[in-house]
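Engineer: just the structure for this:
(chains A, B, C and D)
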Number of protein chains: 4
Amino acid sequence: MRQLFALFLCLMATALFAQAPHPHVHDRSIHFPDVNGYRSLVCDFHQHTVFSDGSVFPDIRVQEALRDSLDAISLTEHLEYQPHKEDIPHPDRNRSNAIAEQAAKPYNLIVINGSEITREMPPGHNNALFLSDANKLLKDDPLEAFKEAQRQGAFVFWNHPNWVAQTKDGIAKLTDMHRQLIANKQLHGIEVVNETTYSDEALQIALDNGLTLMGTSDIHGLIDWTYKIPEGGHRPVTLVFAKERTADAIKEALFERRTAVWHNNTLIAREREMMPLLAACIKVEKASYIGPSSVCEVLLRNESDAEFLLFSTSEYTLHEHADMVVLNPNGTTKIQVKTKEQLPVFNLSFDVLNCVTAPKKHPQLQLSVRL
Amino acid sequence: MRQLFALFLCLMATALFAQAPHPHVHDRSIHFPDVNGYRSLVCDFHQHTVFSDGSVFPDIRVQEALRDSLDAISLTEHLEYQPHKEDIPHPDRNRSNAIAEQAAKPYNLIVINGSEITREMPPGHNNALFLSDANKLLKDDPLEAFKEAQRQGAFVFWNHPNWVAQTKDGIAKLTDMHRQLIANKQLHGIEVVNETTYSDEALQIALDNGLTLMGTSDIHGLIDWTYKIPEGGHRPVTLVFAKERTADAIKEALFERRTAVWHNNTLIAREREMMPLLAACIKVEKASYIGPSSVCEVLLRNESDAEFLLFSTSEYTLHEHADMVVLNPNGTTKIQVKTKEQLPVFNLSFDVLNCVTAPKKHPQLQLSVRL
Amino acid sequence: MRQLFALFLCLMATALFAQAPHPHVHDRSIHFPDVNGYRSLVCDFHQHTVFSDGSVFPDIRVQEALRDSLDAISLTEHLEYQPHKEDIPHPDRNRSNAIAEQAAKPYNLIVINGSEITREMPPGHNNALFLSDANKLLKDDPLEAFKEAQRQGAFVFWNHPNWVAQTKDGIAKLTDMHRQLIANKQLHGIEVVNETTYSDEALQIALDNGLTLMGTSDIHGLIDWTYKIPEGGHRPVTLVFAKERTADAIKEALFERRTAVWHNNTLIAREREMMPLLAACIKVEKASYIGPSSVCEVLLRNESDAEFLLFSTSEYTLHEHADMVVLNPNGTTKIQVKTKEQLPVFNLSFDVLNCVTAPKKHPQLQLSVRL
Amino acid sequence: MRQLFALFLCLMATALFAQAPHPHVHDRSIHFPDVNGYRSLVCDFHQHTVFSDGSVFPDIRVQEALRDSLDAISLTEHLEYQPHKEDIPHPDRNRSNAIAEQAAKPYNLIVINGSEITREMPPGHNNALFLSDANKLLKDDPLEAFKEAQRQGAFVFWNHPNWVAQTKDGIAKLTDMHRQLIANKQLHGIEVVNETTYSDEALQIALDNGLTLMGTSDIHGLIDWTYKIPEGGHRPVTLVFAKERTADAIKEALFERRTAVWHNNTLIAREREMMPLLAACIKVEKASYIGPSSVCEVLLRNESDAEFLLFSTSEYTLHEHADMVVLNPNGTTKIQVKTKEQLPVFNLSFDVLNCVTAPKKHPQLQLSVRL
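Structural biologist: Numbering: from 1, shown residues only, chains lettered A, B, ... in the order given. As a prediction, this is how the structure comes out:
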């Protein structure tokens, strides 16, 4: 009997493989270019399965990740909230990631052991990554859980500080307990994006307190449905700028705050990470004056999934656009610049309005055009 | 804490509801017209969850069904095959459908308690529907399981008789044990379609032995992926022609063999069900001669999801097509018929090649066109 | 023979009619809502056919206009430039519009007799609309042509003042001759948009000199190709806010400067026209607080073809967006506003970045949300 | 002035070129593979412009052809029917093709001088291709026109013998005059497809009388609209199997009847041309048995634009399909064959129902599968 099922599974795997090269499978992959010296790893470190209050077995999370071309995931089950406990009484809080790791192995997807410390406010919900044993975080006193995480060398971030179930007005606010945890180096990051939400206030807290910027799906159901993948949507992810594609390198990058968050066509990052990321994404592909005129046709290449919303702040007016230029994702967009005379080199500048480096602050893109 | 989560779930439900009327959600719904006197109920009676060897919790199966506009489902976990037992040791074999029923209640989706009797050949795998207690089918002797199903008044059908793991050549073959079960009225139906497969031989067995025709997804992973929903695919379903939209009426229809199977743009049914179904699907919407000519423009309305592949066997030649006419699903297709003189009424006939009433046998569609 | 061809044409017309209600035909229609008291008429007053240097007969221009749901067109052949003269020596400069008017009659499309006075700079190219006889504008002295147009009561606008063939740097500049023509009330409008180009400088000239804002396709080839209709593009048009759907009302509106220009997802208008247009386009459809929270879900309805690029300047932060909110055309977009406490009414404000009321100036949208 | 316009045209050409490599442009290209020893040239030899009763200038026909990837066209203006004569009185009946040739030169598109002899029945309308001087065909007696065409070495084919304006019942019928013309070698081909129509009877006439099979658009308006290009439609074309890509080679092939017609997803050809064409289009890409089973997975590669409708007549039943297998255009389709035991080689056979070699006759595709 077992053999028959093994055969069956093997046949199913064959069938899956045969379907793999389908064009649609590739379309949903999340892609941003590497940034000088660093790999831009696409990561989702807040996910749930049947092992806490999610609706899928861990293997589905692995397959979703592969379809989205993620580099790393963590299944962060609620340590203290186990609504399926009657059906799934498994006592080992590492179990979910252990199953995922097994499923991920053939595909070289990185699975990082993590768990969600699930408490009332403060400290609310917090994810601890890179745990050696999640079970040891099951403590009555939440502060003990943070201490144990620290003992295991975990990277810990505050989840959905804007969650209306814990913060009625949806406004993230730092508490004394959070301040204490930060001071103790027991809290290192904060979600500026959780599921479909973004928080300007969380971003400010991160900037004020040196916290790593995190964005996660917090998926409970299916990625395809929650983020409307067939309609072109994408899950929120954390881009981690790591020295190499390993769990260790991700950990180093997280502690060093080298991240950006990609959410609903918005990029959120510190200026330090944002500027090289934009430089890697947007390039002058080609430029030439139209005949004897002093109107210069410039092709801008966008090497990323972002549809950049550029607001021109150049000294030159454009020949086809007013102020807004929209750069197609993974494509080339043509603009025409009226430089008044033919120049060997000139500068363009834009506010990148779908990118955020601080509340109400948008990076300025400078492009040097050489003929 | 619990209250907070209740609020959270409530908010999530709100969010889901807000997304409900999206056009894409409706596109995937499976639709066939009612057939004179009967409701055409769309059913999938072979599905798995984490409670046997599937990868999702039962609530996802309910949501998939709602997105596909199904009328009824059954989660037919393997009675004897429980690969997740270490994690999900729940002893009650009715548990999966109980959870689904709870999840389905607000949506009026019918959940029928069923289980898969999972044995080596013979008798292979068989699904028993309308069980009062699946646990009682856990017997060493497979024949005892069938007897218990009969005691509970179950409708039982043979799963994937073409399964290569049990029938190396993929050719369905009736065994003495199956003959005995049929004779004992312990086996009532047979899958002519399972997952992505169809079996001409199973269809012949059904016709020879008076078995109900069944088609099921046998889904283990996600419906959206296995059946490529975003690319226009659909899961296989059994259309049950029932007197009303109730579990009892479905049961009556299944025992009376009033079904058709819808698989990969193919309809499989006995002639008795096929002919009224086609008549309900395809109608002459409008007909008029073009000016003074004797070329008649006929609009054919297709009230179903099937893209009908019609091969003309009419006495008249067509003005735009050779022999093949493809009828768009849920749309109108124009043909022009050369009747040689203007007639008050004439007949068209087509072999419907994507419909099967017996191996190599296709129904003939007769349409009377009145001017 | 002639009869046969008449029949043929009649049959072709039937065929065209049968295709008319196809969904794709409607998609490309250009639609903006009426603005309080005025009809928002969609007009393209700069087009060419084989009667000057275009590549189609006038009937195609009529059919393109019908497919785009235009209300009014003018075929403005070059008076002095007739490159097809060898083949089409027709001496009557009204001929093109006369043919179009005939073709447009069954469809209630308004055809306005117009011509392009085609000269070197100054005065460059200028379109005269509402001519009684275009032939009389054929004068050696360009100023005489303007005088004759005035005599006929024409509305005259300066074409592509940014055209690199006449203005090497693409920068529109008013000449003394233009100043004179404006002073003489012989020049009334200016193209801020021509074909694929937009001119900030032309907009400034319009504002400084009280000229009507015009946007035109200046089409020579096919609308479908130049503006990539199948990919979702649209031709530039002038929205004319007219008291009724008649040529006279359009004329009155043009002289009164009641226009907006719609080009490549950009709206250009004076503040006087822009503000009521935006108010007609964007409405609060529904608003409600999420559960007991103070996060208010607001549905914004966009009743237009524009994809509005909104930059939030509200005092409240948003729960899902950073600053940019993109409103889908002809659809509803959800935003969530964090008002800190549940309010009976509150205000939202946005800079509408794809709308321009002066160079570098964007209208501010104020929305009052009532619960 | 002229210089300015020259510059203008030059700039426009630049703009057009810049748009050329757009993905959508390539999608509509009509493609069939070369057939052993011959180039499969895509040709449309029946088109109209403003020089007879069409609605575009010849340059548009050239651009349409380039977008459709045609190899050769002919603009076959009505010799005797000139409804635009008032506007376009040009006396030279070669004029239209002369303009087209000029426009086509940079693109290497072949333009063949041709004209439509436009008469009542008999002989109806007939196209003469490869004319040295179309004017000489303007004769009172239609038979004299055919004689002159013969004198010029023209290839002549009968247009739309099924045209209801000349044949009220749409049924093509050979007349004595046609028989005479054929006997005199003055008529060599016949349209089995014209615009949106197909004629079984014309096909029979061709087969009975050794006429070349022709399919043409007979376009008067725009190819994009009549054939719904954005929705995936295509114009009817004649595939000419020529020794090389030259006008001479096309002429030789036409006289030798080496053609196929591609219309509305239907291929029409003599068996002599059909069989090698199918062999070039459809290939076994890969085959392997599924594990230890005797079910063989076969990938069928379709190297053409046709969506082939295959009706299985193999001795083996299929594991996923009933009898109909639809082969995606320019793609790969998987079938699974139940060969009962693992074979080193086996044969598949299908009736290709969207291909026609004679009325009601469809080619049989034989595929040898080697493991």
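Engineer: tell me the secondary structure for A:Leu299?
Structural biologist: strand (DSSP: H, G, I helix; E, B strand; the rest coil).
Engineer: look up how far chain D lies from it.
Structural biologist: 9 Å (C-beta to the nearest C-beta, to the nearest Å). Every C-beta, even on glycine, is put in place using the N, C-alpha and C of the backbone.
Engineer: do I have it right that that residue meets A:Thr333?
Structural biologist: Yes: contact criterion C-beta atoms under 8 Å: A:Leu299 and A:Thr333 qualify, at 7.4 Å.
Engineer: out of these two, which sits in the busier spot?
Structural biologist: A:Thr333 (19 against 15; other C-beta atoms under 10 Å in any protein chain shown).
Engineer: so what's the residue in the stretch 201-350 of chain A that chain C sits nearest to closest to, chain neighbours aside?
Structural biologist: With C-beta to the nearest C-beta as the measure, A:Ser293 is the residue of the stretch 201-350 of chain A nearest to chain C, at 3.9 Å. Leaving out its chain neighbours, the residue that sits closest to A:Ser293 by C-beta to C-beta, 6 or more residues apart in numbering or on different chains is C:Val164, at 3.9 Å.
Engineer: surely that neighbour is in a strand?
Structural biologist: No: assigned with three-state DSSP, C:Val164 falls outside any strand and is coil.
Engineer: could you give the number of residues near the residue of the stretch 201-350 of chain A closest to chain C?
Structural biologist: Applying other C-beta under 10 Å, we find 22 other residues in the vicinity of A:Ser293.
Engineer: settle this for me: it is touching C:Lys168, isn't it.
Structural biologist: Yes: counting by C-beta under 8 Å, A:Ser293 does reach C:Lys168; the two are 5.1 Å apart.
Engineer: wait, A:Gln82 touches A:Ser52, no?
Structural biologist: Yes: under the criterion of C-beta under 8 Å, A:Gln82 makes contact with A:Ser52 at 6.0 Å.
Engineer: more neighbours: these two, which one.
Structural biologist: A direct count of neighbours by other C-beta under 10 Å for A:Gln82 and A:Ser52 places A:Ser52 higher, at 25 against 17.
Engineer: please name the nearest non-neighbouring residue to the more buried one.
Structural biologist: Leaving out its chain neighbours, the residue that sits closest to A:Ser52 by C-beta to C-beta, 6+ apart is A:Glu77, at 3.6 Å.
Engineer: same deal with A:Val193?
Structural biologist: Leaving aside its chain neighbours, A:Val193 sits nearest to A:Gly215 (3.4 Å; criterion: C-beta to C-beta, 6+ apart).
Engineer: contact partners for the one you found?
Structural biologist: The contact partners of A:Gly215, by C-beta atoms under 8 Å, 6 or more residues apart in numbering or on different chains, come to A:191-194, A:236-238, A:261-263, A:268.
Engineer: next SSE downstream of the strand or helix carrying it?
Structural biologist: Element membership for A:Gly215, per DSSP states H and E: strand A:212-216. Counting by DSSP H and E, the next helix or strand C-terminal to strand A:212-216 is helix A:223-226.
Engineer: that following helix: how far from the chain's middle?
Structural biologist: Relative to its chain's centre, helix A:223-226 lies at 16 Å (C-alpha atoms, centre = their mean, to the nearest Å).
Engineer: and that helix with chain B, contact?
Structural biologist: Yes: using C-beta under 8 Å from any C-beta of the partner chain, helix A:223-226 reaches chain B at A:224-225.
Engineer: name the helices or strands packed onto the following helix or strand past that helix?
Structural biologist: Counting by DSSP H and E, the next helix or strand C-terminal to helix A:223-226 is strand A:237-242. Packing partners of strand A:237-242 (3 or more C-beta pairs under 8 Å, 6 or more residues apart in numbering or on different chains; DSSP states H and E): strand A:39-44, strand A:212-216, helix A:247-255, strand A:259-263.
Engineer: mind putting the ones you listed into CSV with mean pLDDT?
Structural biologist: Below are these laid out as CSV (pLDDT from 0 to 100):
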stretch, mean pLDDT
strand A:39-44, 98
strand A:212-216, 98
helix A:247-255, 98
strand A:259-263, 98
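Engineer: next, count neighbours for the closest residue to chain C within the stretch 101-250 of chain A.
Structural biologist: Nearest to chain C in the stretch 101-250 of chain A, going by C-beta to the nearest C-beta, is A:Val164, at a distance of 3.9 Å. For A:Val164, the count of nearby residues is 24 (other C-beta under 10 Å).
Engineer: contacting residues for it?
Structural biologist: Contacts of A:Val164 by C-beta under 8 Å, 6+ apart are A:170, B:11, C:290-291, C:293, C:295.
Engineer: check pLDDT for these and point me to the minimum.
Structural biologist: In terms of pLDDT, B:Leu11 ranks lowest among those, with 39.
Engineer: quick revisit: now the buried members of the contacts of A:Gly215.
Structural biologist: A:191-194, A:236-238, A:261-263, A:268 (16 or more other C-beta atoms under 10 Å in any protein chain shown).
Engineer: all strands for the stretch 1-150 of chain A, in order.
Structural biologist: For the stretch 1-150 of chain A, the strands defined by DSSP state E, counting those that start in this stretch occupy A:39-44, A:72-73, A:76-78, A:110-111, A:114-118, A:125-129.
Engineer: adding mean neighbour count and distance to C:Ile223, write the ones you listed out as a markdown table.
Structural biologist: Listed next are the strands of the stretch 1-150 of chain A as a markdown table, based on neighbours: other C-beta atoms under 10 Å in any protein chain shown; distance: least, C-beta to C-beta, whole Å:
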| stretch | mean neighbour count | distance to C:Ile223 |
| --- | --- | --- |
| strand A:39-44 | 24 | 41 |
| strand A:72-73 | 27 | 48 |
| strand A:76-78 | 26 | 54 |
| strand A:110-111 | 22 | 51 |
| strand A:114-118 | 27 | 56 |
| strand A:125-129 | 27 | 54 |
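Engineer: for those strands, which one sits closest to B:Asp141?
Structural biologist: strand A:76-78 (40.8 Å; C-beta to C-beta).
Engineer: all helices for chain A, in order.
Structural biologist: Taking DSSP state H, the helices of chain A run over residues A:2-19, A:23-27, A:58-67, A:95-104, A:142-151, A:176-183, A:200-209, A:223-226, A:247-255, A:271-281.
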